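Trainee: Starting from these lines, generate the structure:
(one chain, ligands or ions: 2)
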Amino acid sequence: MANTLNVSQALKAPGQVFPFSATIEVADADVFGETVRFSPAEATGTLLGAGETVSVRGELRCEAAMACARCLRPVAVPLRVEIDERFSRRTEGAEDDGETRAIVDSCIDLTDCARELLVLELPMRVLCSEDCKGLCPVCGADRNEVSCTCLEDAQSASEGTERPDDEEGRFAGEVTNPFSALKAMINSDEEV
Ligand SMILES: [Zn+2]
Ligand SMILES: [Zn+2]
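Mentor: Numbering: from 1, shown residues only. Ligands and ions are numbered 1, 2, ... in the order given. The predicted structure is shown next:
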């Protein structure tokens with residue numbers, strides 16, 4: 001089975017730390033209409049058994065492909081997240097809280113936790129470059145490649161009114177990632 005790790009050593013020797021490394025295939029994630037692709041994630045860290053449970057600590061490295069918020073071209077986003085998860089042979093009554101995951105046949109499956117951790121780590125927005133000119137909101141042309149005059153035309157037609165982009169250089173209709181807000185909500189829930 002892919003993405004699983006045999007933890008029988010850690011179960012047999014409680015209190016002893018075992019280093020591990022694994023490559024985890026992470027399925028695409030739909031982030032509100034945008035499909036984010038992940039490269040295989042490299043997980044490294046330690047396993048620590050304590051009777052019926054095994055704690056997994058370490059880190060996960062991977063690269064996500066997200067669309068530039070302005071021109072929608074793919075941008076490679078390096079991700080690095082901490083893993084601190086507990087797996088248990090006894091899961092009755094513990095499955096609802098989502099804090100303890102199951103050990104099945106002395107194996108743990110890192111697929112779900114890796115995907116959850118990586119999705120939460122995705123940035124709000126990415127740009128292919130700081131000075132990406134984006135798509136023209138009028139004709140839809142990639143203004144990095146085509147220099148249309150739609151915006152200039154609109155600006156001179158509405159002299160003295162609001163500029164089409166604000167001081168930060170954001171463009172109308174820019175895509176943002178709502179998961180950072182979600183992450184904030186989850187974190188505040190944990191503190192309750
Ligand atoms: Zn761009
Ligand atoms: Zn245009």
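Trainee: Pull the number of nearby residues for Thr23.
Mentor: The number of residues packed near Thr23 is 12, by other C-beta atoms under 10 Å. For every residue, glycine as well, the C-beta is placed using N, CA and C.
Trainee: Could you check the pLDDT of the residue positioned nearest the centre of the chain?
Mentor: Among the residues of the chain, the one closest to the centroid is Val119, at 2.6 Å (C-alpha atoms, centre = their mean). On pLDDT, Val119 comes in at 94.
Trainee: Near ligand 2, which residues of the chain? Just list them.
Mentor: Residues of the chain found near ligand 2 (C-beta under 5 Å from the ion) are Cys136, Val138, Cys139, Ala141, Cys148, Cys150.
Trainee: will you turn those residues into CSV that also has distance to Leu127, secondary structure and pLDDT?
Mentor: Shown next, in CSV, are the residues of the chain next to ligand 2 (distance: C-beta to C-beta, whole Å; DSSP: H, G, I helix; E, B strand; the rest coil; pLDDT from 0 to 100):
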residue, distance to Leu127, secondary structure, pLDDT
Cys136, 17, coil, 92
Val138, 21, coil, 90
Cys139, 21, coil, 93
Ala141, 18, coil, 93
Cys148, 20, coil, 89
Cys150, 21, helix, 89
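Trainee: Now stretch 76-91 - C-alpha only, PDB.
Mentor: Below are the C-alpha coordinates for stretch 76-91, written out as PDB (Å, rounded to 0.1, in the frame of the first residue of the first chain):
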ATOM      1  CA  ALA A  76       5.500  26.500  -8.000                       C
ATOM      2  CA  VAL A  77       5.000  27.100  -4.300                       C
ATOM      3  CA  PRO A  78       7.400  25.300  -1.900                       C
ATOM      4  CA  LEU A  79       5.700  24.100   1.200                       C
ATOM      5  CA  ARG A  80       7.200  22.900   4.500                       C
ATOM      6  CA  VAL A  81       4.900  21.900   7.400                       C
ATOM      7  CA  GLU A  82       5.400  20.400  10.700                       C
ATOM      8  CA  ILE A  83       3.900  16.900  11.500                       C
ATOM      9  CA  ASP A  84       2.800  16.200  15.000                       C
ATOM     10  CA  GLU A  85       0.200  13.400  14.800                       C
ATOM     11  CA  ARG A  86      -0.800  10.600  17.100                       C
ATOM     12  CA  PHE A  87      -2.000   7.200  15.800                       C
ATOM     13  CA  SER A  88      -3.700   4.600  17.900                       C
ATOM     14  CA  ARG A  89      -4.600   0.900  17.800                       C
ATOM     15  CA  ARG A  90      -7.700   1.700  19.800                       C
ATOM     16  CA  THR A  91      -9.900   4.100  17.900                       C
END
